[in-house]
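In: generate a structure from the sequence data that follows.
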Amino acid sequence: MTAGKMDQQITLQRATATPDGGGGVTEVWGDMPDNATVWASVKAKAGRENTDDGRTNATFVVLFEIYNRSDIDERDRIMWGGVPYNIRGIRREGGRALRLVIEAERGVAS
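Out: Predicted coordinates for the structure are as follows:
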């Protein structure tokens, strides 16, 4: 993916374990602490549908390109247009790894 027009705002999120009040913990998603909302170029990659136990499941893969940062990995997710996208892979591109190309998927559990 080449540097495109970064005209979409996305929010980077990270899960944290939070006490559930009953002695256990639950996973809660929240915005990353530093500059969580960034500009991105967004490109649709693929979508697919399958049936599992009589239910139709649809997924959609998107490539998000942002400027390089070191605090994001495959355990995190992206919110775009109010929809969560689970990060599947991160590739560094450009001279001195100027950009990150992040492959993320909507419609599946992380």
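
In: any idea how far Thr37 lies from Pro19?
Out: According to Cβ to Cβ, to the nearest Å, Thr37 and Pro19 sit 27 Å apart. (Each C-beta comes from the backbone N, C-alpha and C, glycine too.)

In: neighbour count winner among these two?
Out: Using other Cβ atoms under 10 Å, the more surrounded residue of Thr37 and Pro19 is Thr37, with 12 against 9.

In: so the closest residue to the more buried one other than its chain neighbours: helix, strand or coil?
Out: Spatially, and ignoring its direct neighbours in sequence, Thr37 is nearest to Thr11 (4.8 Å; Cβ to Cβ, 6 or more residues apart in numbering). Three-state assignment for Thr11 (DSSP: H, G, I helix; E, B strand; the rest coil): strand.

In: any idea of the pLDDT on Thr11?
Out: Turning to Thr11, the model gives it a pLDDT of 98.

In: give me the neighbour count for it.
Out: Counted with other Cβ under 10 Å, Thr11 comes out at 15.

In: so how far is Ile78 from it?
Out: According to Cβ to Cβ, Thr11 stands 7 Å off from Ile78.

In: kindly report the same for Pro19.
Out: Per Cβ to Cβ, Pro19 is found 26 Å from Ile78.
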